[in-house]
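A.B. asks: mind folding the following:
(one chain, ligands or ions: 2)
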Amino acid sequence: MLKLQGIAVSPGVTIGEALVLDAEGFRIPRRFVERSAVDTELARLAAAVAEATREIERNRDAIRSELGDQYAAIFEAHLAMLHDERLQQELTSAVRDRNWWPEYAVSRTLRRYAKAFQNLDNHIAQRAHDIYDVEKSLLRALLGQRRETLASISQPVVVLAHNLTPSETANLDRRLVKGFATELGGPGSHTAIVAEGLEIPAVVGIGPFLADVSGGEPVILDGNQGVVILQPDEETIARYRQELEAAKSVAARLGALRDLPAETTDGVRVQITGNIEFPDEAEHCLARGCDGIGLYRTEFLYLTSKREPTEEDHFAAYRAVVEAMAGRPVVIRTLDLGADKMLTETRPEEERNPCLGLRSIRLSLRQLPIFRTQLRAILRASALGDVRVMFPLVSTIVELRQARMVLADVMEDLAEHGIAFNPKMPVGMMVETPAAVMMLDVFIKEVDFVSIGTNDLIQYTLAVDRGNKEVAELYNACDPAVLRLLSRSLDVAREAGVPANVCGQMSGSVMFTQLLLGLGLRQLSVPASAIPEVKQVCRSVSVADCRVIAEKALAMDGAREVKAYLRDQMRRLLAQTVA
Ligand code: PEP
Ligand code: MG
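C.D. replies: Ligands and ions are numbered 1, 2, ... in the order given. Alright, predicted model coming up:
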């Protein structure tokens, strides 16, 4: 049994069969062969070498006739590598003497060679790519049809991968993928957010572990604690099964809260809205008793489609959400593409610092036709219900004004063509940068509401990449700098009489509910799965007590102290509610 610790990003526990995908999408289990099967496996290895040889020769001949001998030489080099006597001896010995499975022997040995090249600090290091190519040819030949990819899942699995992009995650088949764990990834990445939206338990940022697991082996994934257990023993499996049963009864108890308001014990009504990425999540929010949709991340329309969404694609998605909400508010955020939510075709070139680059509203203002198409669809949807529009990552007043001008222009267009929309559609902005907080007293005069995006606010305040596991410890909502910015934003909004909401992941974590209510927040926008728990906390506390908690937390010097204090307050509350 091997217990691995990673970062918990999407709650829930699952026990299932592992599907292992390595960095290139190949499954490379660390498997051993029986002594009696060594000769068969060596024959399989020899056959794979022969097949890889044929493949490389075919490529060489094709390139030779197209581009000439000079380019064909690349493949000659691959052939020479593949047939290198020392390599062949090492592979044979790995299978014969160490009893390694041929796939594992190929992968381990060739990667060691590639690393040796990579470590050379000169142009020869490039040859590592050639070695990876040879590795892939051999693995293709060895694995043949048994290659597993995300697209070929046909039975329930727990996906164990080097990394998953937000769009790969968005395209996971949620009926079959019972959970996933990755070597890379940070706490605030969009992969994490999608996992939570899809309600797939997930753990990221574990570090290298794929060499320790084989596809088909049992695995326990605990998305509450950020733990993955490989080859679990019977006792551990039994314990987790019990936990799963207990979770079901808690869910049933919380389900009873659906139609009750989120009202504190001293009579303050809190709005709890849902964060969604896909239209069908609106139903999940309703089933948990939401007061509307506080954040619709529309960029996911792009991540699940291979082509540019049309106005009709946008409109159909928005209409589905607005109709499902039956009069409840729906805040549609305009495209927040860029950073880890890539849109390669419209990006001019590789950015060195995509989080600080052309993303969100900056990108929309550069890509006006795309922006206008989306605004038209949002406006058309505004004729069908309580639709509000919100701009992401606004950092200067000019951006806000430009975005509003484009909106006004699109409204004029629609009016000219007699297309229905709400001319008074509320317009809001996200507060996600320290600049937006510092200037909020200015911005607030030009918006109808604000929504604080703590995921990015933490990233930009603490200068910590939200998707990087190496700095995950520093990515901390408890940091006093973050608390002060939040407090200041909520004060400015209150004084201006403008509604404010927090829609970052922080508001979905019950550890922060009392703090946020104490800071004056009355609207929380959270992932569907968090609605019942957050509602329960709201119904169990008084605003008066929450104010005391917020004051104490604000007076603290460090994130650790704040975290310990909030955890303690949460524990006390749980003890009271259970008693
Ligand atoms: C945020 O930054 O807090 C937010 C809600 O937006 P996103 O996570 O989509 O960047
Ligand atoms: Mg954001």
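
A.B. asks: which pLDDT value goes with the spatially closest residue to residue 528 that is not a sequence neighbour?
C.D. replies: Leaving aside its sequence neighbours, residue 528 sits nearest to residue 284 (CB to CB, 6 or more residues apart in numbering; 4.0 Å). In short, each C-beta sits where N, CA and C put it, glycine included. As predicted, residue 284 sits at a pLDDT of 95.

A.B. asks: quick check: residue 284 vs residue 531, distance?
C.D. replies: Applying CB to CB, to the nearest Å, the value for residue 284 to residue 531 is 9 Å.

A.B. asks: mind listing what's buried in stretch 350-368?
C.D. replies: 355, 358-365, 367 (16 or more other CB atoms under 10 Å).

A.B. asks: pick out the residue closest to the middle of the protein.
C.D. replies: residue 191 (1.5 Å; CA atoms, centre = their mean).

A.B. asks: tell me which residues touch that residue, please.
C.D. replies: By CB atoms under 8 Å, 6 or more residues apart in numbering, the residues touching residue 191 are 9, 164-166, 168-169, 182, 185, 202, 204, 340, 467.

A.B. asks: I figured residue 302 was touching residue 309, is that so?
C.D. replies: Yes: shown here, residue 302 and residue 309 form a contact pair, counting by CB atoms under 8 Å, at 6.5 Å.

A.B. asks: the closest residue to residue 88 other than its chain neighbours - how many residues pack around it?
C.D. replies: If the residues on either side of it in the chain are set aside, residue 88 comes closest to residue 49, at 7.6 Å by CB to CB, 6+ apart. Other residues near residue 49 number 21, with proximity taken as other CB atoms under 10 Å.

A.B. asks: same question for residue 474.
C.D. replies: Counted with other CB under 10 Å, residue 474 comes out at 14.

A.B. asks: tell me how many other residues crowd the residue lying closest to it once chain neighbours are set aside.
C.D. replies: Leaving aside its chain neighbours, residue 474 sits nearest to residue 464 (4.5 Å; criterion: CB to CB, 6+ apart). For residue 464, the neighbour count with other CB under 10 Å is 21.

A.B. asks: so how far is residue 323 from residue 464?
C.D. replies: According to CB to CB, residue 464 stands 40 Å off from residue 323.

A.B. asks: let me know the secondary structure of the residue nearest to residue 528.
C.D. replies: Secondary structure for residue 284, judged by DSSP: H, G, I helix; E, B strand; the rest coil, is helix.

A.B. asks: quick check: the gap between it and residue 290.
C.D. replies: Remark: distance between residue 284 and residue 290 (CB to CB) = 9 Å.

A.B. asks: spit out the residues that contact the two alike.
C.D. replies: By CB under 8 Å, 6+ apart, the residues touching both residue 284 and residue 290 are 274, 528.

A.B. asks: of these two, give the one with the bigger neighbour count.
C.D. replies: Ranked by neighbour count (other CB under 10 Å), residue 284 and residue 290 place residue 290 first, with 26 against 19.

A.B. asks: give me the beta-bridge partners of the nearest residue to that one once chain neighbours are set aside?
C.D. replies: Leaving aside its chain neighbours, residue 290 sits nearest to residue 274 (4.4 Å; criterion: CB to CB, 6+ apart). When bridges are called by DSSP bridges, residue 274 pairs up with residue 293, residue 526.

A.B. asks: okay, residue 274: pLDDT?
C.D. replies: 98.

A.B. asks: how many other residues sit next to it?
C.D. replies: Other residues close to residue 274 by other CB under 10 Å number 32.

A.B. asks: so who does it touch?
C.D. replies: Taking CB under 8 Å, 6+ apart, we find residue 274 in contact with 281-282, 284-285, 288, 290, 292-295, 525-528, 531.

A.B. asks: which one of those is nearest ligand 1?
C.D. replies: residue 295 (5.8 Å; CB to the nearest ligand atom).

A.B. asks: pull up the gap between that closest one and residue 526, please.
C.D. replies: 9 Å.

A.B. asks: about what we covered before: mind listing what the residue nearest to residue 528 touches?
C.D. replies: So residue 284 contacts 199, 274, 528-529 (CB under 8 Å, 6+ apart).

A.B. asks: can you pick the most crowded of the residues you listed?
C.D. replies: Neighbour max across the contacts of residue 284 (other CB under 10 Å) = residue 274, 32 neighbours.

A.B. asks: and it, how close does it get to ligand 2?
C.D. replies: 16 Å (CB to the ion, to the nearest Å).

A.B. asks: ok, now residue 403?
C.D. replies: The spacing between residue 403 and ligand 2, counted by CB to the ion, is 16 Å.

A.B. asks: 798 is where my numbering starts, stick with that
C.D. replies: In the new count, where the first residue is 798, that last one comes out as residue 1200.

A.B. asks: and that residue, what does it touch?
C.D. replies: Contacts of residue 1200 by CB under 8 Å, 6+ apart are 1131, 1158, 1161-1162, 1188, 1191.

A.B. asks: for this protein, what's the longest helix?
C.D. replies: helix 835-864 (DSSP state H).

A.B. asks: now do that one, average pLDDT.
C.D. replies: 90.

A.B. asks: now do the helix or strand following it against helix 835-864, angle only.
C.D. replies: Next helix or strand after helix 835-864 toward the C-terminus (DSSP states H and E): helix 866-879. Relative orientation of helix 866-879 and helix 835-864, computed by axes from the mean of the first three to the mean of the last three CA atoms, to 10 degrees: 170 degrees.

A.B. asks: now the two most distant members of the contacts of residue 1081.
C.D. replies: Largest separation among those by CB to CB: 996 and 1071, giving 12.1 Å.

A.B. asks: which residues are in contact with each of those two?
C.D. replies: Shared contacts of residue 996 and residue 1071 (CB under 8 Å, 6+ apart): 1081, 1325.

A.B. asks: report the contact partners of the nearest residue to residue 1010 once chain neighbours are set aside.
C.D. replies: Closest residue to residue 1010 apart from its sequence neighbours, by CB to CB, 6+ apart: residue 1027 at 5.0 Å. With contacts defined as CB under 8 Å, 6+ apart, the neighbours of residue 1027 are 798-801, 815, 1006, 1009-1010, 1014, 1016.

A.B. asks: any chance of those in JSON lines, plus distance to ligand 2 and secondary structure?
C.D. replies: Output for the contacts of residue 1027, formatted as JSON lines (distance: CB to the ion, whole Å; DSSP: H, G, I helix; E, B strand; the rest coil):
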{"residue": "798", "distance to ligand 2": "39", "secondary structure": "coil"}
{"residue": "799", "distance to ligand 2": "35", "secondary structure": "strand"}
{"residue": "800", "distance to ligand 2": "33", "secondary structure": "strand"}
{"residue": "801", "distance to ligand 2": "29", "secondary structure": "strand"}
{"residue": "815", "distance to ligand 2": "32", "secondary structure": "strand"}
{"residue": "1006", "distance to ligand 2": "29", "secondary structure": "coil"}
{"residue": "1009", "distance to ligand 2": "35", "secondary structure": "helix"}
{"residue": "1010", "distance to ligand 2": "33", "secondary structure": "coil"}
{"residue": "1014", "distance to ligand 2": "37", "secondary structure": "coil"}
{"residue": "1016", "distance to ligand 2": "32", "secondary structure": "strand"}
